[in-house]
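In: Structure for this input, please:
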Amino acid sequence: MARQRKKSTGKVTSGVDWQEIRQRLDAAAAHLDRGPTPEERQDILKARAEALAREPRQDGKGECLDVLEFLLAHERYAIEMSWVGETIALRDLTSVPCTPPFVLGLVNVRGRIMSVVDIKRFFDLPEKGISDLNKVIIIRGRGMEFGILADTVCGVRSLPLAEVQTSLPTLTGIREEYLKGVTSERLVVLDGEKLITDGKIVVHGEIGD
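Out: So this is what the prediction gives:
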């Protein structure tokens, strides 16, 4: 969610204590001024290095898709690396009232305030619960930026486009709307552009004075 100056699609009640929320975000920002931990920095650099090191495959299978693979509930998902900014550990989450259930709250990522979305709830998947081991995948593009909660980040891989089916009968409903394709291994590749531009998942809000 990232455009925080647009007006809310729903009415924000006057009972929201925005001053308290700002104070909590300021406290989180002060706590995170030290930047990412060595472990997080290593994860970020490793993902970037793997993506940059990949050469176009010349094995007759044609063009490939570089994706970041992650787990949601018991299913394997992926999103194109072109939409991925970085991955971070979930911490110092600040909840915000008057938002849909799938919006977990706000985090401060080195001075940038952004929302975190639990797409398990958005996709009506079984909830596993939040722990200190959860990761947040920051996706960016089209002037937008927000985080997706993941149970586990598996890493970067290349998928031959020829192996990505555009549809699967067992995937219907809301997930199909955001589906780029499914592999024979049942890896669900999400459409990053649809995620980041769809008004149903990008909740616009304005913090009052």
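In: just the helices in this protein please.
Out: Secondary structure of the chain by DSSP state H: the helices cover 18-32, 38-53, 119-122, 174-177, 192-197.
In: looking at these, which has the lowest confidence?
Out: For those, the stretch scoring lowest in mean pLDDT is helix 38-53; its value is a mean of 63.
In: Surely residue 179 and residue 189 touch.
Out: Yes - the pair residue 179 and residue 189 passes the contact test of Cβ atoms under 8 Å, sitting 7.4 Å apart. In this view, the C-beta of every residue, glycine as well, is placed from N, C-alpha and C.
In: of the two, who's got more company?
Out: Neighbours were counted for residue 179 and for residue 189 using other Cβ atoms under 10 Å; residue 189 has more, 22 against 19.
In: For the more buried one, list each beta-bridge partner.
Out: Listed beta-bridge partners, residue 189: residue 78, residue 181 (assigned using DSSP bridges).
In: For this protein, just list every one of the strands.
Out: Using DSSP state E, the strands of the chain run over 64-72, 75-80, 84-89, 103-109, 112-117, 135-141, 144-150, 152-160, 179-182, 188-190.
In: can you redo these as TSV with distance to residue 125?
Out: Compiled in TSV, the strands of the chain are given as follows (distance: least, Cβ to Cβ, whole Å):
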stretch	distance to residue 125
strand 64-72	6
strand 75-80	7
strand 84-89	20
strand 103-109	15
strand 112-117	13
strand 135-141	16
strand 144-150	11
strand 152-160	14
strand 179-182	14
strand 188-190	11
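In: would JSON lines of those with mean pLDDT be doable?
Out: What follows is the strands of the chain, written out as JSON lines (pLDDT from 0 to 100):
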{"stretch": "strand 64-72", "mean pLDDT": "91"}
{"stretch": "strand 75-80", "mean pLDDT": "91"}
{"stretch": "strand 84-89", "mean pLDDT": "92"}
{"stretch": "strand 103-109", "mean pLDDT": "89"}
{"stretch": "strand 112-117", "mean pLDDT": "89"}
{"stretch": "strand 135-141", "mean pLDDT": "92"}
{"stretch": "strand 144-150", "mean pLDDT": "90"}
{"stretch": "strand 152-160", "mean pLDDT": "91"}
{"stretch": "strand 179-182", "mean pLDDT": "86"}
{"stretch": "strand 188-190", "mean pLDDT": "90"}
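In: Contacts only, for the closest residue to residue 152 other than its chain neighbours.
Out: Leaving out its chain neighbours, the residue that sits closest to residue 152 by Cβ to Cβ, 6 or more residues apart in numbering is residue 71, at 4.4 Å. Going by Cβ atoms under 8 Å, 6 or more residues apart in numbering, residue 71 touches 77, 150, 151, 152, 154.
In: gap between residue 71 and residue 120?
Out: When Cβ to Cβ, to the nearest Å is the yardstick, residue 71 and residue 120 sit 10 Å from each other.
In: Brilliant, that's me finished.
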